[in-house]
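Peer 1: Any chance you can model this:
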Amino acid sequence: AEYMGMRKVKFTAQTIHDKVSAILKTFPKLDDVHPFYADLMNVLYDKDHYKIALGQLSKARNIVDGIAKDYVRMMKYADSLYRTKMLKRTALGRMCTLIKKLGPSFGYLEEVRKHLARLPSIDPSTRTLIITGFPNVGKSSLMNNLTNAKVDVQSYPFTTQSLFVGHMTYRHAPWQVLDTPGILDHPLEQRNTIEMQAITALAHLNACILFVMDISETCGYFLDQQIALFHSIKPLFKGKPIVLVLSKTDVKKWEDLPPEMQTEIQNIGKEHNAYVISMSNKSKDGIDDLKMKSCDILLDYRFIQKSENAGKMTAIANRLHVAVPKKRDEKERLPFIPPTVMELRKKMPTDGPEETKTAKRKTVKEMQDENGGAGVYSFPIPEHFILEDDDWKYDAAPEIFEGKNVADYIDPDIGAKLEALEKEEAILEQMDELDPLARTEEEKAMDAEYKHIQGKKKILKDQRKMKLTDLVQKKAKKIEAVKQTFAQKGYETENIEGTVTLRSTLEKKAKKRLQPDSTEGMEDMGGDIEPGRLKRKAIEKTEGMAFKRAQGMSMEKSVADKIKSKIERKWGTKMQDPVYDKLPKHLNSGKMGLGTRNKRQSAQL
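Peer 2: A predicted model of the protein is given here:
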């Protein structure tokens, strides 16, 4: 009992330790993740609260390990089983109480886990475009036009309340586009959680900023307010390429803006080295230009960043070795051009002046266009075969069957022979047409003999047919006579015809066995047996087994009857068929009832 109590305490402590360790290992540590994710978790879940919850779990795990260690030691030196049991209950109770106190922390971490699972997967190191601006200026519509994402678009502000990620392809490379919630122009301390998500993305992601401005002012904010917002969040754009996107040009054109407003927007672009691009999400004018410009300036920016990184360039140069050959002597060595190449150059057409002439080789694409295009032209692979004789290039490949070349067994003169045979057949056909009755005496004699044989064969067939008809009629008359005789005596006459047919069949089989070629399998019936006795034995054997089988009796029953008759002849008595019970006793008898057991007891005595 003492050992079992110690095992229960240890098992409980180990289980709690493993479960809590798995929870702590699953949740990300803010110090180990990218600063973007660390700040995003601080905005969404409060970094201090998150760390306190994980710290409580870690502390509770250590306390449970200490409780198990102390109480196992006390149980080991307990003076009675009762004290061991009470120590076990106390240890398990303290562990359960400790886990119950962690209920709020577990609940908070569960909500964090659910929300983390719903967050989009954002790669901070890949090529990224961030769309930002006032609410309801067309950011989500631009996101849907640039990528395959399906972000909800409504006519009221703050439709987008979290970060959304879309993906697109440019220059055969994947790009990610971030749609951020709308930002209002007020101090950082007054911004809510929705706005802070956009601020976090702008601050930490190395991306191209697409600042969207609604020049039609249908979003509810004037252009002056949108420009003021740009200046207020301008520190977040430091060192990043910027594109000023003028949206809703289908409602109001750039030319319709006041000149002072056009000048101010152009000055902002010059000041921050930003492109100013007009576009419309409804008519999709300028979308492709915006995509190309923003992606190209981000690629240039990333390339400059990598080239300015001296440490990276040095690291790459240290892994490379550039070999510079030294001149070994003063001998001039001209380039060697093989004669075949020179001949090929002479054959091919050339372009340009005489002094700068270079050989121009036809490409496979040009040959394909000249010879019918794709699907018609077939590339001449045999043309490039290297063989002893160029005439062999287009020869048919040998067909091999069972290790032998089929061409070796083809008669080369078969065409001439076939032609001669056809000529001979044509001559014979012409002769038959000219004189079909011109036949030799021998052919006439053979025709007469053939007609005589065919006539005799027909006579024999007719005689045989007549004989069979007479036999059938005689047999039918005999059966009818037997039926009349039996009917006069009062017997049934229904099965007479079947019985007669069966009897005749059995007699035919017996006669067939008595034929010389049918007595090979009867050596075991005796040594030198007279033909009459052999015939009787064969008839008896055939009649017995075959007759019983014909009546529907199975082979096993026939054999059983034969063995039974042998035993009866040997002992001189008749055997009675055994009578079996419907069920054995142990299947008929059930459980004992509620009556007396005297019978069982007397049987035992």
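
Peer 1: so what's Lys88 up against?
Peer 2: Contacts for Lys88 (Cβ atoms under 8 Å, 6 or more residues apart in numbering) come out as Gly5, Met6, Lys8, Val9, Tyr71, Met75. Quick note: C-beta positions are derived from backbone N, CA and C, even for glycine.

Peer 1: can you pull the buried residues of the helix or strand hosting it?
Peer 2: Using DSSP states H and E, Lys88 maps to helix 81-101. Residues of helix 81-101 classed as buried: Thr84, Lys85, Leu87, Lys88, Ala91, Leu92, Arg94, Met95, Leu98 (neighbour count, 16 or more other Cβ atoms under 10 Å).

Peer 1: got any ranges where the stretch 301-450 of the chain has weak pLDDT?
Peer 2: 310, 348-360, 432-440 (pLDDT under 70).

Peer 1: Just confirm Phe211 is within a helix.
Peer 2: No - using DSSP: H, G, I helix; E, B strand; the rest coil, the assignment for Phe211 is strand, not a helix.

Peer 1: I'd say it and Lys240 touch.
Peer 2: No - in this structure Phe211 lies outside contact range of Lys240 using Cβ atoms under 8 Å: 10.9 Å.

Peer 1: These two: which has the busier surroundings?
Peer 2: More neighbours surround Phe211 than the other of Phe211 and Lys240, with 25 against 16 (other Cβ atoms under 10 Å).

Peer 1: Quick check: pLDDT value at the more buried one.
Peer 2: In the predicted model, Phe211 carries a pLDDT score of 91.

Peer 1: again, but for Ile52
Peer 2: With respect to pLDDT, Ile52 scores 92.

Peer 1: repeat for Asp256
Peer 2: Value for Asp256, per-residue pLDDT: 85.

Peer 1: do the same with Gly526
Peer 2: 45.

Peer 1: helix or strand for Arg7, which one?
Peer 2: Using DSSP H and E, Arg7 sits in helix 2-26.

Peer 1: Downstream of that helix, the next helix or strand is which one?
Peer 2: helix 35-45.

Peer 1: Send me that next one as PDB with only the CA atoms.
Peer 2: Output in PDB follows, covering the C-alpha atoms of helix 35-45 (Å, rounded to 0.1, in the frame of the first residue of the first chain):
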ATOM      1  CA  PRO A  35       9.700  42.200 -33.500                       C
ATOM      2  CA  PHE A  36       6.700  42.500 -35.700                       C
ATOM      3  CA  TYR A  37       5.000  39.500 -34.100                       C
ATOM      4  CA  ALA A  38       6.200  40.600 -30.600                       C
ATOM      5  CA  ASP A  39       4.600  44.000 -31.000                       C
ATOM      6  CA  LEU A  40       1.500  42.600 -32.600                       C
ATOM      7  CA  MET A  41       1.000  40.200 -29.700                       C
ATOM      8  CA  ASN A  42       1.500  43.200 -27.300                       C
ATOM      9  CA  VAL A  43      -1.200  45.100 -29.100                       C
ATOM     10  CA  LEU A  44      -3.700  42.200 -29.200                       C
ATOM     11  CA  TYR A  45      -3.100  40.400 -25.900                       C
END
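
Peer 1: quick one: the longest helix along the chain to chain centroid distance?
Peer 2: When the chain is parsed with DSSP state H, its longest helix is helix 441-489. From the chain centre to the centre of helix 441-489 is a distance of 74 Å (Cα atoms, centre = their mean, to the nearest Å).

Peer 1: For that helix, enumerate the helices and strands it packs against.
Peer 2: Counting contacts by 3 or more Cβ pairs under 8 Å, 6 or more residues apart in numbering; DSSP states H and E, helix 441-489 packs against helix 496-513.

Peer 1: And the strands in the chain?
Peer 2: 128-133, 164-170, 173-179, 208-214, 242-247, 275-278, 350-351, 358-359, 400-401, 404-405 (DSSP state E).

Peer 1: so who does Ala182 touch?
Peer 2: Residue 182: Gly, not Ala. Gly133, Phe134, Pro135, Asn136, Val137, Lys139, Pro157, Phe158, Thr160, Glu195, Ala198.

Peer 1: my guess is the fourth one meets Pro157, correct?
Peer 2: Yes - using Cβ under 8 Å as the test, Asn136 is close enough to Pro157 to be in contact (4.3 Å).

Peer 1: which of the two has more neighbours?
Peer 2: Neighbour count, other Cβ under 10 Å: between Asn136 and Pro157, Asn136 has more, with 21 against 16.

Peer 1: In contact with the more buried one, which residues are there?
Peer 2: Counting by Cβ under 8 Å, 6+ apart, Asn136 makes contact with Ser155, Tyr156, Pro157, Thr159, Gly182, Asp214, Cys219, Gly220.

Peer 1: repeat that with 7 Å
Peer 2: Residues in contact with Asn136, defined by Cβ atoms under 7 Å, 6 or more residues apart in numbering, are Pro157, Gly182, Cys219, Gly220.

Peer 1: Same list (the residues you listed) but as CSV, adding pLDDT.
Peer 2: Formatted as CSV, the contacts of Asn136 follow (pLDDT from 0 to 100):
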residue, pLDDT
Pro157, 76
Gly182, 87
Cys219, 84
Gly220, 83
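
Peer 1: which two in these are spaced the farthest apart?
Peer 2: Within the contacts of Asn136, Gly182 and Gly220 form the most distant pair, 10.5 Å apart (Cβ to Cβ).

Peer 1: shared neighbours of these two, which are they?
Peer 2: Counting by Cβ under 7 Å, 6+ apart, the shared contacts of Gly182 and Gly220 are Asn136, Pro157.

Peer 1: picking up where we left off before, narrow the contacts of Lys88 to those that are buried.
Peer 2: Gly5, Met6, Val9, Tyr71, Met75.

Peer 1: now the fourth one: how far from Leu92?
Peer 2: Which is Tyr71. Distance, Tyr71 to Leu92, using Cβ to Cβ, to the nearest Å: 9 Å.

Peer 1: between these two, what contacts are shared?
Peer 2: Shared contacts of Tyr71 and Leu92, defined by Cβ under 7 Å, 6+ apart, comprise Val9.

Peer 1: before we move on, back to that, want to throw the buried residues of helix 81-101 into a markdown table with pLDDT?
Peer 2: Output for these, formatted as a markdown table (pLDDT from 0 to 100):
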| residue | pLDDT |
| --- | --- |
| Thr84 | 90 |
| Lys85 | 90 |
| Leu87 | 92 |
| Lys88 | 92 |
| Ala91 | 93 |
| Leu92 | 93 |
| Arg94 | 94 |
| Met95 | 94 |
| Leu98 | 93 |
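
Peer 1: Make a markdown table out of those and add distance to Lys444.
Peer 2: Compiled in a markdown table, the buried residues of helix 81-101 are given as follows (distance: Cβ to Cβ, whole Å):
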| residue | distance to Lys444 |
| --- | --- |
| Thr84 | 130 |
| Lys85 | 130 |
| Leu87 | 132 |
| Lys88 | 127 |
| Ala91 | 128 |
| Leu92 | 125 |
| Arg94 | 130 |
| Met95 | 125 |
| Leu98 | 127 |
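
Peer 1: burial count for Leu298?
Peer 2: A count of nearby residues for Leu298, using other Cβ under 10 Å, gives 22.

Peer 1: Run through the residues that contact it.
Peer 2: Arg127, Cys208, Pro241.

Peer 1: For the second one, list each beta-bridge partner.
Peer 2: Legend: beta-bridge partners of Cys208 under DSSP bridges are Leu129.

Peer 1: Stretch 362-371: which residues count as buried?
Peer 2: Gln368.

Peer 1: can I get the CA coordinates of it in CSV?
Peer 2: Extracted C-alpha coordinates of stretch 362-371, given in CSV (Å, rounded to 0.1, in the frame of the first residue of the first chain):
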residue,chain,number,x,y,z
LYS,A,362,18.5,28.9,-88.4
THR,A,363,16.8,28.2,-85.1
VAL,A,364,14.4,25.3,-84.6
LYS,A,365,11.6,27.9,-84.1
GLU,A,366,12.3,29.5,-87.5
MET,A,367,12.3,26.0,-89.1
GLN,A,368,9.0,25.2,-87.4
ASP,A,369,7.4,28.4,-88.7
GLU,A,370,8.6,27.7,-92.2
ASN,A,371,7.3,24.1,-92.3
